[in-house]
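K.L.:
Please find the sequence and the predicted model below.
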Amino acid sequence: MSNLAIEARGLFKSFEGKPAVRGIDIAVPEGAIYGILGLNGAGKTTTLRMLLGIIEPDRGTRSLLGHERPLEAAKIVGYLPEERGLYPAMTTRDAIAFMGALRGLPLDVGRKRAEILLRENDLGAYVDKPIKSLSKGMAQTIQLFGTIVHKPRLIVLDEPFSGLDAINQGRLEHMIREEAAAGTTVIFSTHVIHHAERLCERIAIIAAGEVRFEGRVTEARDRLRPHVRLKTRASDGAWRAALPAGTVQDGGLFEFELPAGGIEPLLKALIDGGAGIEQLSIERPGLHDAFVAIAGPSAPATRSGENGLEIAA
Ligand SMILES: Nc1ncnc2c1ncn2[C@@H]1O[C@H](COP(=O)(O)OP(=O)(O)OP(=O)(O)O)[C@@H](O)[C@H]1O
């Protein structure tokens, strides 16, 4: 196994006697893009803060880039917190350099790197503009540059996509990939599943303060059986008895899990029974489906629009 950038065992944290995180184990390989997925209130931010040493766990151990006291690694870590904030009067260049200086980067080096970061991302026109003249999403992108300006070995991003438009989300995905390609470890939390599906090889799914799944995205998806969509010409007939238990009908469309025996015996029964197959598709479940199956049942609610669950288009 490769070296681990982060290793946590049994992290536990309560606030005012109420457990927020109940025994979290996480292992993030060096150089990975790693996603922490969960609904609002699942415990993602609390977990990240414990990993970084911003708050102390009640129980459990963690190691960050080999340091058992995470704050000792502060200069080689970049952190974008969920609460964003920059000094409104500072120019974008100075804001980025200032954030680097907080992590030990000399200000003059930070200013030069800030200019390069802004130019490389088609934001060169904003170098001397004050933060207060930027849109919220743009300011968030500047804060992100400030998170990476000191060239950390580990980047921790708490809900980095929220508040960004499609262009800036794409820019952020590109930056995350570039950082990882250069050997930097990136860990980010999200409740928007499709970013994790596109970016991560490994993920942890957290629900109610517990890790419900930890591993490869493909393993999470393989936990569900493929999904069949069938449209028939006949509306009724002997063939209907061949449809598996749990089939959901919506007008002339039938949806069900691929039976364990595969599609061929079912197809034969449908054809022999005179169903008249108009459309048939077999789809491998996406990470969103796996997420709902893994995190859904004991979460407070899983309807779209509640508890922050967003569905990939
Ligand atoms: N400082 C605190 N004091 C009291 N309760 C807290 C504190 N921080 C977190 N909590 C509680 O711990 C639980 C987990 O919160 P946390 O912020 O870690 O979740 P999250 O998964 O990051 O959610 P979100 O997506 O909404 O940011 C919640 O019930 C929250 O109210």
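P.N.:
Great, that's in hand. Residues are numbered from 1 along each chain as shown.

K.L.:
where does the protein have low pLDDT?
P.N.:
Scanning the chain for pLDDT under 70 picks out 1-2, 297-313.

K.L.:
For it, which segments count as helices?
P.N.:
For the chain, the helices defined by DSSP state H cover 44-52, 92-102, 107-120, 136-148, 166-181, 193-199, 217-222, 263-272, 287-295.

K.L.:
Could you report the distance from residue 171 to the ligand?
P.N.:
22 Å (C-beta to the nearest ligand atom, to the nearest Å). All C-beta spots, glycine's among them, are computed from the backbone N, C-alpha and C.

K.L.:
same question but for residue 174, I mixed them up
P.N.:
Going from residue 174 to the ligand by C-beta to the nearest ligand atom gives 24 Å.

K.L.:
So the nearest residue to residue 67 once chain neighbours are set aside versus residue 50, what's the distance?
P.N.:
Distance criterion C-beta to C-beta, 6 or more residues apart in numbering; nearest residue to residue 67, sequence neighbours excluded, is residue 73 at 4.4 Å. Remark: distance between residue 73 and residue 50 (C-beta to C-beta, to the nearest Å) = 14 Å.

K.L.:
and those two? which has more neighbours close in?
P.N.:
When residue 73 and residue 50 are compared for neighbours, residue 50 comes out ahead with 24 against 20, by other C-beta atoms under 10 Å.

K.L.:
Look up the closest residue to the more buried one, ignoring the ones flanking it.
P.N.:
residue 57 (4.8 Å).

K.L.:
list the contacts for that neighbour?
P.N.:
Neighbouring residues of residue 57 by C-beta atoms under 8 Å, 6 or more residues apart in numbering: 11, 12, 13, 21, 50.

K.L.:
Quick check, the second one in contact with residue 25.
P.N.:
In other words, residue 12. No - the pair residue 12 / residue 25 is not scored as a contact, 11.1 Å apart, by C-beta atoms under 8 Å.

K.L.:
Return the residues of the stretch 51-200 of the chain in contact with the ligand.
P.N.:
82, 191 (C-beta under 6 Å from any ligand atom).

K.L.:
For the stretch 101-250 of the chain, which residue gets nearest to the ligand?
P.N.:
Nearest to the ligand in the stretch 101-250 of the chain, going by C-beta to the nearest ligand atom, is residue 191, at a distance of 5.5 Å.

K.L.:
burial count for the nearest residue to residue 293 once chain neighbours are set aside?
P.N.:
Spatial nearest neighbour of residue 293, chain neighbours left out: residue 224 (5.8 Å); criterion: C-beta to C-beta, 6+ apart. Neighbourhood size, residue 224 [other C-beta under 10 Å]: 17.

K.L.:
can you tell me which residues contact residue 284?
P.N.:
221, 226, 227 are the contacts of residue 284 under C-beta under 8 Å, 6+ apart.

K.L.:
Out of the residues you listed, the closest to residue 111 would be?
P.N.:
Residue 111 has its nearest neighbour among the contacts of residue 284 in residue 221, at 44.7 Å by C-beta to C-beta.

K.L.:
how many neighbours does the closest residue to that closest one other than its chain neighbours have?
P.N.:
Distances taken as C-beta to C-beta, 6+ apart put residue 290 closest to residue 221, at 5.1 Å, once the chain neighbours are dropped. Residue 290 is flanked by 24 other residues according to other C-beta under 10 Å.

K.L.:
Give me the distance between residue 290 and the ligand.
P.N.:
Going from residue 290 to the ligand by C-beta to the nearest ligand atom gives 18 Å.

K.L.:
Check what contacts stretch 127-142 and list those residues.
P.N.:
Stretch 127-142 is contacted from outside by 84, 86-93, 95-96, 114-115, 118-119, 121, 123, 126, 163-165, 168, 171-172, using C-beta under 8 Å, 6+ apart.

K.L.:
which parts of that stretch are buried?
P.N.:
By 16 or more other C-beta atoms under 10 Å, the buried positions in stretch 127-142 come out as 127, 129, 130, 131, 134, 138, 139, 140, 141, 142.

K.L.:
what are the phi and psi angles of the fifth one?
P.N.:
So the one you mean is residue 134. Phi and psi for residue 134, reported as degrees, to the nearest 10, are phi -90, psi 160.

K.L.:
same thing with the second one?
P.N.:
The main-chain torsion angles of residue 129 are listed as degrees, to the nearest 10 and equal phi -80, psi 140.

K.L.:
In contact with the residue nearest to residue 221, which residues are there?
P.N.:
So residue 290 contacts 213, 220, 221, 223, 224 (C-beta under 8 Å, 6+ apart).
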